[in-house]
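Participant: Have a look; sequence and predicted model below, questions after that.
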Amino acid sequence: MQRVAGSRPFAAVAPKVVPPLDRFVHRLTGGRIILSEGLLPGLMLTTTGHKSGEPRTAPLATLPDGDSLVVVASNFGKPHHPAWSTNLLHHPQATVTYRRQTFPVVAHMLTQDEKAAMWPKLTAMWPVYDRYVERSKRDLRVFRLDRSGSTPG
């Protein structure tokens with residue numbers, strides 16, 4: 001599956017198919033299932049749109065790290081950053097649904113040193129991240145999502 005997921009054809013089709021399908025299945029099952037969790041641990045991240053101010057929900061792979069969740073703005077190896085990562089830069093308060101629990105989080109984009117320390121764990125989980133870096137020719141943003149006591153605003 002990783003060979004397929006790292007391919008250019010998959011990167012061309014997946015962003016149009018996988019997130020909408022994940023959102024649909026998540027909604028259909030009352031938040032119990034994220035279809036792509038068959039491959040990787042997943043979560044639903046709801047951010048505040050940078051331009052619109054509206055809630056935006058994205059299904060993402062995640063690496064649990066202690067009490068935090070780590071997400072990579074890989075965008076399937078496309079040359080631009082995904083919108084959800086830009087939203088977090090402008091509005092770091094968000095909401096996560098993970099393992100059937102929904103809770104507020106505050107996002108922190110990892111520094112280069114923090115990212116370098118985390119990268120081996122991320123690529124052990126999903127080696128395709130290295131291929132995404134090569135193909136996108138950009139520095140992938142990596143965020144740590146920490147539980148907070150407030151809701152996004």
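Facilitator: Done, it's in.

Participant: Going by C-alpha atoms from here, please, whenever you check contacts or count neighbours.
Facilitator: OK.

Participant: where does the chain have low pLDDT?
Facilitator: Residue ranges of the chain with pLDDT under 70: 1-15, 20, 26, 33, 35-38, 149-153.

Participant: so where do the helices sit in it?
Facilitator: 2-5, 8-28, 83-90, 112-125, 128-136 (DSSP state H).

Participant: CA atoms only for the third one, dumped as PDB, please.
Facilitator: C-alpha atoms of helix 83-90 as PDB (Å, rounded to 0.1, in the frame of the first residue of the first chain):
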ATOM      1  CA  ALA A  83      -5.100  24.700   3.900                       C
ATOM      2  CA  TRP A  84      -5.600  23.200   7.300                       C
ATOM      3  CA  SER A  85      -1.900  23.900   8.200                       C
ATOM      4  CA  THR A  86      -2.300  27.500   7.100                       C
ATOM      5  CA  ASN A  87      -5.400  27.700   9.200                       C
ATOM      6  CA  LEU A  88      -3.500  26.400  12.300                       C
ATOM      7  CA  LEU A  89      -0.800  29.000  11.800                       C
ATOM      8  CA  HIS A  90      -3.400  31.800  12.000                       C
END
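
Participant: Which positions in that helix come out as buried?
Facilitator: The neighbour-count check on helix 83-90 (16 or more other CA atoms under 10 Å) flags 84-88 as buried.

Participant: closest to Phe24 among these?
Facilitator: Nearest to Phe24 among the buried residues of helix 83-90: Trp84, at 18.0 Å, using CA to CA.

Participant: In contact with the most centrally placed residue in the chain: list those residues for me.
Facilitator: Residue closest to the mean C-alpha point of the chain, counted by CA atoms, centre = their mean, is Leu60 at 3.4 Å. With contacts defined as CA atoms under 8 Å, 6 or more residues apart in numbering, Leu60 is in contact with 42-45, 71.

Participant: still on that earlier bit, how about the buried residues of helix 83-90 in JSON lines, adding distance to Trp126?
Facilitator: Converted to JSON lines, these look like this (distance: CA to CA, whole Å):
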{"residue": "Trp84", "distance to Trp126": "20"}
{"residue": "Ser85", "distance to Trp126": "19"}
{"residue": "Thr86", "distance to Trp126": "23"}
{"residue": "Asn87", "distance to Trp126": "24"}
{"residue": "Leu88", "distance to Trp126": "22"}
